[in-house]
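Peer 1: Give me a 3D structure for the following:
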Amino acid sequence: MYKTILIATDGSSLSARAVEHGTNLAKALGAAVLLLTVTERFHVFAVEADQLEETPSTFKEHMQKQAERTLAEASEIARGLGIDARTLHLEDDAPYQAIIRTAESQRCDLIVMASHGRGGVSALLLGSETMKVLTHSKIPVLVVR
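Peer 2: Have a look, this model is predicted:
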């Protein structure tokens with residue numbers, strides 16, 4: 001049924017449950033797994049407190065370390081379930097678009113993601129990335145609560 005499953009993660013605890021659920025499904029189906037995390041780009045005019053205090057280079061370094069940590073944790077969950085997952089980190093101002101584009105370009109049959117992730121001001125302003133993926137994706141989406 002599903003041959004390649006994209007699992008989007010932001011490092012939150014709920015996202016970790018989505019990684020576990022998605023990798024268990026992949027194991028049961030014999031599907032390949034692609035773990036994806038998307039970080040935002042630096043903005044000169046930002047509402048996020050962490051961007052107000054950083055320079056473009058320190059922000060990029062901070063986001064890279066966060067992405068590496070997020071993907072390492074997700075990979076560990078997958079490995080613990082016997083799945084050797086590929087990982088990918090992208091920078092994009094519209095994470096939902098990056099998730100959909102990646103799923104399409106990698107020929108994924110299913111996208112797995114948490115019902116919500118990190119919050120804060122950006123979540124209030126931008127809305128749920130999961131809802132945006134659900135609304136715009138032609139690929140099936142499994143939402144883990």
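Peer 1: So which residues make contact with the lengthiest helix in the chain?
Peer 2: Assignment by DSSP state H gives helix 56-80 as the longest helix of the chain. If you take CB atoms under 8 Å, 6 or more residues apart in numbering as the criterion, helix 56-80 is touched by 7, 9-11, 15-16, 19-20, 23, 33, 35, 37, 39-40, 42, 50-51, 54, 84-85, 87, 89, 91. Yep, even glycine has a C-beta here, placed from its N, CA and C like the rest.
Peer 1: out of these, which are buried?
Peer 2: With burial judged by 16 or more other CB atoms under 10 Å, the buried subset of these is 7, 9-11, 15-16, 19-20, 23, 33, 35, 37, 39-40, 42, 51, 54, 85, 87, 89.
Peer 1: where's Tyr96 relative to Met113, distance?
Peer 2: For Tyr96, the distance to Met113 equals 10 Å [CB to CB, to the nearest Å].
Peer 1: Between these two, which contacts overlap?
Peer 2: Common neighbours of Tyr96 and Met113 (CB under 8 Å, 6+ apart) are Glu129, Val133.
Peer 1: Look through the chain and tell me its longest strand.
Peer 2: Longest among the strand segments of the chain by residue count, using DSSP state E, is strand 32-39.
Peer 1: Phi first, then psi, for the nearest residue to Met1 once chain neighbours are set aside.
Peer 2: Leaving aside its sequence neighbours, Met1 sits nearest to Leu29 (CB to CB, 6 or more residues apart in numbering; 6.2 Å). Reported as degrees, to the nearest 10, the phi and psi values for Leu29 are phi -100, psi -10.
Peer 1: before we move on, back to that, among the contacts of helix 56-80, which are in strands?
Peer 2: Ile7, Val33, Leu35, Thr37, Thr39, Thr87, His89, Glu91.
Peer 1: Take those residues and write them to TSV, including pLDDT and distance to Thr70.
Peer 2: TSV is the format used below for the ones in strands among the contacts of helix 56-80 (pLDDT from 0 to 100; distance: CB to CB, whole Å):
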residue	pLDDT	distance to Thr70
Ile7	98	11
Val33	98	15
Leu35	98	9
Thr37	97	5
Thr39	94	9
Thr87	98	9
His89	98	8
Glu91	95	13
